[in-house]
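1. need a 3D model of the sequence below.
(4 chains)
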Protein chains: 4
Amino acid sequence: MPYEFKTTRRVEFSDTDMAGIVHFSVFFRYFETVEHAFFRSLGFSVVMPQLDPPVGFPRVHASCDYRRPLKFEDLVELHLLVVEKKRRTLTYQIRFRRLEPGPVEEVAVGKLIVVCVQKGTDGRMHSVELPAGLAEQIEPAPTALLAGP
Amino acid sequence: MPYEFKTTRRVEFSDTDMAGIVHFSVFFRYFETVEHAFFRSLGFSVVMPQLDPPVGFPRVHASCDYRRPLKFEDLVELHLLVVEKKRRTLTYQIRFRRLEPGPVEEVAVGKLIVVCVQKGTDGRMHSVELPAGLAEQIEPAPTALLAGP
Amino acid sequence: MPYEFKTTRRVEFSDTDMAGIVHFSVFFRYFETVEHAFFRSLGFSVVMPQLDPPVGFPRVHASCDYRRPLKFEDLVELHLLVVEKKRRTLTYQIRFRRLEPGPVEEVAVGKLIVVCVQKGTDGRMHSVELPAGLAEQIEPAPTALLAGP
Amino acid sequence: MPYEFKTTRRVEFSDTDMAGIVHFSVFFRYFETVEHAFFRSLGFSVVMPQLDPPVGFPRVHASCDYRRPLKFEDLVELHLLVVEKKRRTLTYQIRFRRLEPGPVEEVAVGKLIVVCVQKGTDGRMHSVELPAGLAEQIEPAPTALLAGP
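-> Coordinates of the predicted model:
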């Protein structure tokens, strides 16, 4: 069963700041790039209007450790690993590796915890179990594959 | 009746790019800063869930002429003027003046055309007349006050 | 000689706003996606530190006409056409077509004017001629290919 | 000596996403709003070109725990507390409280670690001691004031 997913992304000019590097907040937008591509690879979307009522995946925690800067036009690999699958939450590790220009280097490692929610009849969001068709397809990655702290 | 509104904004680090200046796309986010503050000053919001069905104001045109750069921590005046009020659309001019550091200079001038829409029973958006309580409060600015082309 | 370039982009969650569609300012970030890919296809970059002193391409005008909304996970074609090449400036037309989900539709058309600048010995930016190796590779698109007003 | 700083910010339309709430990456841009206002309150800026060579403050860690959503036009208090001051790094806690509409509620709490760097004669960034004039003005907040984990 899938426990990881990789995609790449080229750094855009609008991702940089006046220090000449990718702004630290932009790494969190990149988190979603790979998270959502992972969902699509499983035939799902984080936006699931076909479920009634629809479910969503708000974030309860996001963090990132920055080791090296990313620059304009760098090609970066986004590598998502499933750290934990609970009934209502998923925890991911997201690793950033610069592929171009070389040498290949790890530039950052992040963590994201999302909870599955659904709007109740009272109009408020409530946490609910992960959609079965999604949960059945995912398993946690072997611990040895996860980056150290 | 109101035909203009001013507010100020300090340039943030995340608004800059690697050229050391505010990214050109960010000026359009600043458009909204003054547009929405203008609505609030009239007791309205661009998000009007209290109307049934709710109305919204998607953009049909946006443009900006850039004369001078804006930099981090510059204090910029955002000056909105109503150019035209039609039954279903509003046209604004938005002028950017750097107040700090001096000397005061015009840095950009923009234009924004918005249309009032409502979701029909077919689930699609249709243009509708501006809410009466809003339209009654707004008039076009005297032509002499508008910046030249 | 090249007068156009196409690339595609999938709409990301962070590109959307609470109206459920791509925020109008984000289209201008997409402008750059295709502009910079066009430069790379010619062996250039908008960031040219190898020139001494480096040149840059600040924007003097940007505009966009919005016809239809873009939504999360839509696949959009970005089509850049060179409208005009002057000694110091380039004018582009940028057309947005939604490829997925179908039917294929034009969603927006934009215009971007950039000027080539170089930092002078006085520390200020001055407009300069386009780098020869770049200008020689580009020509204006046939008028018949440009979208109407 | 100062160990905290507060400012407020009104949520903008472009800060929201299609879920109708502030995108989780935007909280990190808000981090900087209060961090940089804190620096200005001390007579400093995170951009210090007056130092020779200039120093900067890249981030080595950023994290945020999200408890409640923020919505368009909410007024949010950004509360920065200095957690730790070392010779070359600063650690902040940043707390988000929604002031309007009431009731006042804590919506998120974040952490940011920055390192002071300077470009060496080899063109690379090196960590250096915090500028004396800045470091002398800051002290860690009393532990009792910091939010729990």
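2. packing partners for the host helix or strand of A:I113?
-> Using DSSP states H and E, A:I113 maps to strand A:105-115. Packing contacts for strand A:105-115, counted by 3 or more C-beta pairs under 8 Å, 6 or more residues apart in numbering or on different chains; DSSP states H and E, involve helix A:26-41, strand A:59-66, strand A:89-100. In short, each C-beta sits where N, CA and C put it, glycine included.
3. reformat those as a markdown table; add mean neighbour count and mean pLDDT.
-> Shown next, in a markdown table, are these (neighbours: other C-beta atoms under 10 Å in any protein chain shown; pLDDT from 0 to 100):
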| stretch | mean neighbour count | mean pLDDT |
| --- | --- | --- |
| helix A:26-41 | 21 | 97 |
| strand A:59-66 | 20 | 98 |
| strand A:89-100 | 19 | 98 |
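4. minimum distance to B:G110: which of those has it?
-> Distance to B:G110, taken as C-beta to C-beta, is lowest for helix A:26-41 among those, at 24.9 Å.
5. would you mind pulling the contact partners of that closest one?
-> A:2, A:5-7, A:9, A:15, A:45-46, A:62, A:64, A:66, A:76, A:78-80, A:92, A:94, A:96, A:108, A:110, A:112, A:114, A:134, C:12-14, C:73, D:24-25, D:28 (C-beta atoms under 8 Å, 6 or more residues apart in numbering or on different chains).
6. who is the residue of chain A found nearest chain D paired with across the strands?
-> Nearest residue of chain A to chain D: A:S63, at 3.3 Å (C-beta to the nearest C-beta). Note on A:S63: beta-bridge partners by DSSP bridges are A:K111, D:S63.
7. gap between it and chain B?
-> 18 Å (C-beta to the nearest C-beta, to the nearest Å).
8. how about the residues of chain A near chain D?
-> Along chain A, the residues adjacent to chain D under the rule C-beta under 8 Å from any C-beta of the partner chain are A:18-19, A:21, A:24-26, A:28-29, A:31-32, A:47, A:56, A:58-67, A:69.
9. got any ranges where chain A has weak pLDDT?
-> A:49-50, A:148-149 (pLDDT under 70).
10. next, the angle strand A:59-66 makes with the strand holding A:I113.
-> For strand A:105-115 against strand A:59-66, the angle by axes from the mean of the first three to the mean of the last three C-alpha atoms, to 10 degrees is 170 degrees.
11. sort out which residues of strand A:105-115 are buried, please.
-> A:107-115 (16 or more other C-beta atoms under 10 Å in any protein chain shown).
12. repeat for stretch A:2-18
-> Burial within stretch A:2-18, assessed by neighbour count using 16+ other C-beta under 10 Å, is assigned to A:4-5, A:7, A:9-18.
13. just send those residues back as CSV, with distance to D:P140 and secondary structure too.
-> Shown next, in CSV, are the buried residues of stretch A:2-18 (distance: C-beta to C-beta, whole Å; DSSP: H, G, I helix; E, B strand; the rest coil):
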residue, distance to D:P140, secondary structure
A:E4, 40, strand
A:F5, 41, strand
A:T7, 41, strand
A:R9, 38, strand
A:R10, 41, strand
A:V11, 35, coil
A:E12, 38, coil
A:F13, 38, helix
A:S14, 36, helix
A:D15, 33, helix
A:T16, 32, strand
A:D17, 28, coil
A:M18, 29, coil
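14. picking that back up, of the helices and strands packed on strand A:105-115, which is nearest D:R87?
-> Closest among these, once you apply C-beta to C-beta, is strand A:59-66, at 19.6 Å.
15. of the helices and strands packed on strand A:105-115, which is nearest D:M125?
-> In terms of C-beta to C-beta, the element of the helices and strands packed on strand A:105-115 nearest to D:M125 is strand A:59-66, at 12.3 Å.
16. A:Q137 against A:V82, yeah?
-> No: if you go by C-beta atoms under 8 Å, A:Q137 and A:V82 don't touch, sitting 10.4 Å apart.
17. shared neighbours of these two, which are they?
-> Common contacts of A:Q137 and A:V82 (C-beta under 8 Å, 6+ apart): A:P2.
18. higher neighbour count, the two?
-> More neighbours surround A:V82 than the other of A:Q137 and A:V82, with 20 against 14 (other C-beta atoms under 10 Å in any protein chain shown).
19. my guess is the more buried one is in a strand, correct?
-> Yes: secondary structure of A:V82 (DSSP: H, G, I helix; E, B strand; the rest coil): part of a strand.
20. any idea how far A:V60 is from A:R88?
-> Computed as C-beta to C-beta, to the nearest Å, the A:R88 to A:V60 distance reads 10 Å.
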